[in-house]
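Chemist: 3D model of this:
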Amino acid sequence: MSRKHPIKVTPFRRKVYLALLKVPVGYVTTYALLGKAIGCRSPRAIGQALRGNPFAPRVPCHRVIATDFSLGGFSGHRSGPQIARKRRMLEAEGLRFDADGCVALSERWRVIAPRV
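Modeler: Just a heads-up that it's a prediction; the model follows:
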């Protein structure tokens, strides 16, 4: 009989995941804003923490985009089926995209800085 072991995450990743829980359906944030919310100046470190998110989709890493409103990465990929999946997930939440594949922001769909 196998037992489930609790998932252990570093204190840094815990901060990232808890801040990300504050981004509601229909909204996105950026790697930089998410980092700023937890006192981290490295968007790349945020991306690495999200790459290994064991709580997805409950901790909605698909709601994190690049500063230029492009999709950035997803599950360790920057193109291909994983990015197409990220886009579908955001579209299902009501977000729209421009001709360049970037998130088209409006009053309803906007980038927010999660408050910690």
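
Chemist: Tell me the gap between stretch 67-76 and the middle of its chain.
Modeler: 8 Å (Cα atoms, centre = their mean, to the nearest Å).

Chemist: Can you list the buried residues in that stretch?
Modeler: Phe69, Leu71, Gly72, Gly73, Phe74, Ser75 (16 or more other Cβ atoms under 10 Å). All C-beta spots, glycine's among them, are computed from the backbone N, C-alpha and C.

Chemist: Ala99: which of those residues is nearest?
Modeler: Nearest to Ala99 among the buried residues of stretch 67-76 is Phe69, at 12.5 Å by Cβ to Cβ.

Chemist: isn't Asp68 right next to Cys102, touching?
Modeler: Yes: counting by Cβ atoms under 8 Å, Cys102 is a contact partner of Asp68 at 6.8 Å.

Chemist: ends of stretch 57-70, how far apart?
Modeler: Its start and end residues considered, stretch 57-70 measures 20 Å (Cα to Cα, to the nearest Å).

Chemist: any residues touching that stretch, and which ones?
Modeler: The contact list for stretch 57-70 (Cβ atoms under 8 Å, 6 or more residues apart in numbering) reads 17, 20-21, 23, 27-32, 34, 43, 46-47, 50, 53, 56, 71-72, 74, 86, 89-90, 93, 100-103, 105, 111.

Chemist: pLDDT of it, averaged?
Modeler: The average pLDDT for stretch 57-70 rounds to 94.

Chemist: buried set for that stretch?
Modeler: Of the residues in stretch 57-70, Val59, Pro60, Cys61, His62, Arg63, Val64, Ile65, Ala66, Phe69 count as buried by neighbour count, 16+ other Cβ under 10 Å.

Chemist: what's the longest helix in this protein?
Modeler: Assignment by DSSP state H gives helix 81-92 as the longest helix of the chain.
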